[in-house]
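**Q** 3D model of this:
(4 chains)
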2 protein chains.
Amino acid sequence: MASSRLQRQLKKKKPFDSPEQEANLNILRTNDRFENRLGKFFREYGLTASQYNVLRILRGEGKPLPSLEIAGRMVQVVPAITGLIDRLEKQELVTRKRCSKDRRVVYVEITDKALEILSQMDKPLAKLHRELIGHLSPQELKELSRLLEKARQSVENNATGAS
Amino acid sequence: MASSRLQRQLKKKKPFDSPEQEANLNILRTNDRFENRLGKFFREYGLTASQYNVLRILRGEGKPLPSLEIAGRMVQVVPAITGLIDRLEKQELVTRKRCSKDRRVVYVEITDKALEILSQMDKPLAKLHRELIGHLSPQELKELSRLLEKARQSVENNATGAS
DNA sequence: TGTTATTAGTTTACGTGTAAACTATTATTA
DNA sequence: TAATAATAGTTTACACGTAAACTAATAACA
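**A** Numbering: from 1, shown residues only, chains lettered A, B, ... in the order given. Coordinates of the predicted model:
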């Protein structure tokens, strides 16, 4: 009990400077592990995590969306979305359409091929989510989500571009 | 209370498939936000998050470490470490030395210049950690760390290369 | 109406994570 | 001891994320 699990894993000699730092590092480290595992899963379907996210957003919306609207719903900033859509288009998973009313806007639409792939992924993905975190009790899951949402309050008000 | 905060932020129409998925997405999203903020901080000092991590590990150890030992303590895999060390070396923040006993091994040593930069960062970084997550009570921080550590158990046993 | 500002998106440059193939060195073992 | 395996790193190819500069189109407004 003298030294925490994360502390041992990082082979740190000294205790954490603060509980805040420990919690933050726990978030980063847990995310890295989970991203790593999820990345492998997506790769089995020829996708990356970012690509899957774009497709999931488009399917959830049920209709074409402007590029920047998609970018806004992901965490990241603007320019990355261009290449992301480029690659999805090359794989025939989305199509681009210029808006006729405002010719600056590019609408992105998901293809049937992509919808098919997504539907194949749904069950295995749900299973993977359970594998990753299903060993927490319902109360623990609820509390973890609550704490993470509360944690994010510090950055979500101060405009980061999204939302 | 009908729909959670994350659900609203993602503008999802339907509820989450499961509490597991919701918790996982909360981890990913919180991490993205925090990484974003921390990245800006590191950039002010001419570093990236990965570079800072390497330097922090080296300072913590207090002596030179083999490249792969460093890679192992970060979450990531092998090849990235080469370029990372390359760039740090170019900035004169670390030096490389071949081990004479086993000439395959490359030891990486932190420079005084880097130690100086790190010491300048310590206080502001601690302050940033508090800004990010200091609005959680001590009990909440402790519980958050506990839950994240428990969450990681699912991936830390199944060898990912590290630790 | 013509100039300026804003908006949507792209391009470029750089750092980094991932997989796969490769080199150099050391260990194993038939 | 010669062939083989294992280990430490590197290189290459590709997908992103970030910042900064840029284009095209629309809005605002003097």
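**Q** Double-check that A:Val78 belongs to a helix.
**A** No: going by DSSP: H, G, I helix; E, B strand; the rest coil, the assignment for A:Val78 is coil, not a helix.
**Q** so after the least confident helix or strand in chain A by mean pLDDT, what's the next helix or strand?
**A** Here the helix or strand of chain A ranked lowest by mean pLDDT, DSSP states H and E is helix A:5-9, holding a mean of 59. Sequence order places helix A:19-44 as the next helix or strand after helix A:5-9, per DSSP states H and E.
**Q** and the residue most central in space within chain A, what is it in contact with?
**A** Closest residue to the average C-alpha location of chain A: A:Asn53 at 6.2 Å, with Cα atoms, centre = their mean. Contacts for A:Asn53 (Cβ atoms under 8 Å, 6 or more residues apart in numbering or on different chains) come out as A:Met74. For every residue, glycine as well, the C-beta is placed using N, CA and C.
**Q** Could you list the buried residues of the helix or strand it falls within?
**A** If you go by DSSP H and E, A:Asn53 is part of helix A:49-61. Neighbour counts over helix A:49-61 (16 or more other Cβ atoms under 10 Å in any protein chain shown) mark A:Ser50, A:Gln51, A:Tyr52, A:Asn53, A:Val54, A:Leu55, A:Arg56, A:Ile57, A:Leu58, A:Glu61 as buried.
**Q** quick one: that helix near DNA strand D?
**A** Yes: using Cβ under 7 Å from any atom of the strand, helix A:49-61 reaches DNA strand D at A:Ala49, A:Ser50, A:Gln51.
**Q** same deal with stretch A:39-47?
**A** No: contact of stretch A:39-47 with DNA strand D (Cβ under 7 Å from any atom of the strand) is absent, the minimum separation being 7.6 Å.
**Q** which phi and psi does A:Gly134 have?
**A** phi -70, psi -10 (degrees, to the nearest 10).
**Q** Does it touch B:Glu20 like I think?
**A** Yes: counting by Cβ atoms under 8 Å, A:Gly134 does reach B:Glu20; the two are 5.4 Å apart.
**Q** The two: which has the busier surroundings?
**A** B:Glu20 (22 against 16; other Cβ atoms under 10 Å in any protein chain shown).
**Q** what's the pLDDT at the more buried one?
**A** Predicted confidence (pLDDT) for B:Glu20: 95.
**Q** from what I can see it touches A:Ile133, true?
**A** Yes: contact criterion Cβ under 8 Å: B:Glu20 and A:Ile133 qualify, at 5.0 Å.
**Q** Now do the shared contacts for those two.
**A** A:Leu141.
**Q** Check the burial of the residue lying closest to A:Val94 once chain neighbours are set aside by counting its neighbours.
**A** Nearest non-adjacent residue to A:Val94, counting by Cβ to Cβ, 6 or more residues apart in numbering or on different chains: A:Leu88, 4.5 Å away. Burial of A:Leu88 is recorded as 24 neighbouring residues (other Cβ under 10 Å).
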